[in-house]
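J.: The following comprises the amino acid sequence and a computationally predicted model.
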Amino acid sequence: MTALLNWIDNNIMWGPLMILFLLGTHIYLTFKTGFIQKEVFKGVGESLKKDASEKGDLSIFGSLMTALSSTIGTGNIIGVGTAITIGGAGAVFWTWIGGIFGIATKYCESYIAVKYRRRRKDGSYMGGAMTAFEHLKMPLMAKVFAWCCALGAFGIGCSSQSKAIVDVVSGNFGIDAVFVGIFICVLTALVIFGGLHAIAGVCERLVPFMSIVYVIGCLIILLINIAYLPETLALILSSAFTARAAAGGFIGTGIMAAARAGIARGLFSNEAGMGSAPQATAASVAKNAVKPALIASTGVFWDTVVVCLMTGLVLVSSIIGSEQVSCILADGSIISGSGLVSACFSQIPVLGKVLLTFGILTFAYSTILGWSYYGENCIRYLFSDKAIVYYRIAWIAVIFIGAVVSEAAVWTLADILNAAMCIPNVIAVLLLRNEMTKDTVHYLYGGHLEEEDRDLQ
């Protein structure tokens, strides 16, 4: 089964055409939005403001934290490690490049989620590629996306996250995977059965704290390896365009392998192009679609441009500078992304394992919560509110299954499902690009960011 999944992943879902399709979309939308990346810090400032006059279910900050809860996850830690084991040090460069250009795609998909959102019968908001396709009078495509998201959530947001928690906790503390899996199931059930506001409440408190703690751990390791940072940067850049290995323990990789690993794992982390996080943005308070979309785009900046880059620098500098890490690589003891990350964090005396375990636990747990909402949102679209309880039960079951199956199968399946979500979502974004450009010029570049769009629900 793992061999079959790998073949589908490498040759169909994440072959050269998919990489060109996604990266090409990122670059095209960068030009179409007038290089929206230059407005990132404006978006950061706007995310901290409050305006009681705006319409929505969640505050701007609450919706951003809910979105970040799913984007800042194990992809930032183990995903980067996996990318390096597959694509070499050059994968870090492609992850970062994909994130930079992906800011534009995140902005556009968030824009259409808010612009074409609609109210449910209970007064709450629903938005995303499915409601955008409704606007385009393409109901079949709306259902295709909803099914891809509802099923894809089990890979990227559920099984892979519980597996990451189990690998780190069991590896560092020797606790049996079954017991860890049960514990995760209980913690998750306590929150997701409370609905969107319960999820957002946890995420608003957890995401900023967990991110700060993890970044501190990365900074400590970078200080330990500071003498090797110039060599680290040079290796990352040169390996992105040549057949170079990250270290003696890994095989050499070409440009396509590095690009594929970096872009695929970057997508797993920042979700730009998948259409998942915009569903949380659609529930946010808004006067127009441009402002919340701008704020949502900052999630890619924090996720990939900052956190993934720091992880990449930590891992590659440790491979170069740490004799302990390089020896473990050389003898073949490290065969996975989680093993590489654990070896690198062990450089911090005593606290290394604690910081890494805390990071994995909180990152993965918050991702499980955020993605449960996306899956539920699509199930409500496809069926009704009555189906949600069955989806939640299935969610808890898959958490446990993911905890006890092989890491390779979990990550490969997640990659395949991610690509399946991207295709319909990017089609919706491209079809509505002209409306997005018109509103961006008026509301953002025209200085009308606080102006109300009377057509917005």
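T.: Looks like it arrived, so ask away.
J.: and the longest helix for the chain?
T.: helix 351-382 (DSSP state H).
J.: average model confidence for that one?
T.: For helix 351-382, the mean per-residue pLDDT is 83.
J.: what do you get for stretch 145-162?
T.: Across stretch 145-162, pLDDT averages out at 84.
J.: Next, the distance between the ends of it.
T.: With C-alpha to C-alpha, to the nearest Å applied, stretch 145-162 spans 24 Å between its terminal residues.
J.: If we go by neighbour counts, what in that stretch is buried?
T.: By neighbour count with 16 or more other C-beta atoms under 10 Å, stretch 145-162 contains the buried residues 145-150, 152-162. (Glycine included, C-beta is placed from N, CA and C.)
J.: quick one on the thing from earlier: quick one: average pLDDT of the very next helix or strand once past the longest helix of the chain?
T.: Using DSSP states H and E, the helix or strand that follows helix 351-382 in sequence is helix 388-404. For helix 388-404, mean pLDDT is 87.
J.: what helices or strands is helix 388-404 leaning on?
T.: Identification of packing neighbours for helix 388-404 by 3 or more C-beta pairs under 8 Å, 6 or more residues apart in numbering; DSSP states H and E yields helix 139-154, helix 160-173, helix 177-192, helix 351-382.
J.: Just the pLDDT at R117, thanks.
T.: Looking at R117, its pLDDT stands at 90.
J.: What's the local residue count around it?
T.: 25 (other C-beta atoms under 10 Å).
J.: and what of W96?
T.: Burial of W96 is recorded as 19 neighbouring residues (other C-beta under 10 Å).
J.: Am I right that it is in contact with V305?
T.: Yes - using C-beta atoms under 8 Å, W96 is in contact with V305, at 6.7 Å.
J.: now the longest helix of the chain against helix 139-154, angle please.
T.: 150 degrees (axes from the mean of the first three to the mean of the last three C-alpha atoms, to 10 degrees).
J.: Of all the residues in helix 351-382, which ones are buried?
T.: For helix 351-382, using 16+ other C-beta under 10 Å, the buried residues are 352-353, 355-381.
J.: And stretch 309-320, by the same measure?
T.: With burial defined by 16+ other C-beta under 10 Å, the residues of stretch 309-320 counted as buried are 309-320.
J.: can you list contacts of it?
T.: Contacting residues not belonging to stretch 309-320 are listed as 76-77, 80-81, 84, 89, 91-92, 95-96, 215, 218-219, 221-222, 225, 228-229, 231-233, 235-236, 246-247, 325-326, 329, 340-341, 343-344, 347 [C-beta atoms under 8 Å, 6 or more residues apart in numbering].
J.: rerun that using 6 Å as the cut-off
T.: Stretch 309-320 is contacted by residues 76-77, 80-81, 84, 89, 92, 96, 218, 221, 225, 228, 231-232, 236, 246-247, 325, 344 when judged by C-beta atoms under 6 Å, 6 or more residues apart in numbering.
J.: Give me the mean pLDDT for that stretch.
T.: 86.
J.: for stretch 97-109, same thing?
T.: 89.
J.: Just the CA atoms of it, as CSV, please.
T.: Output of stretch 97-109 as CSV, limited to C-alpha atoms (Å, rounded to 0.1, in the frame of the first residue of the first chain):
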residue,chain,number,x,y,z
ILE,A,97,10.0,30.5,-2.2
GLY,A,98,6.7,28.7,-2.3
GLY,A,99,5.7,30.6,0.8
ILE,A,100,6.7,34.0,-0.5
PHE,A,101,4.7,33.7,-3.7
GLY,A,102,2.0,31.7,-1.9
ILE,A,103,1.0,34.8,0.1
ALA,A,104,-0.7,36.1,-3.0
THR,A,105,-2.7,32.9,-3.5
LYS,A,106,-3.7,32.9,0.2
TYR,A,107,-4.9,36.4,-0.2
CYS,A,108,-7.0,35.6,-3.3
GLU,A,109,-8.6,32.4,-1.9
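J.: pLDDT weak spots in the stretch 201-350 of the chain?
T.: By pLDDT under 70, the weakly predicted segments of the stretch 201-350 of the chain are 201, 203-204, 243-270, 326-338.
J.: In this structure F345 contacts F358, no?
T.: No - with contacts counted by C-beta atoms under 6 Å, F345 stays clear of F358, the gap being 10.7 Å.
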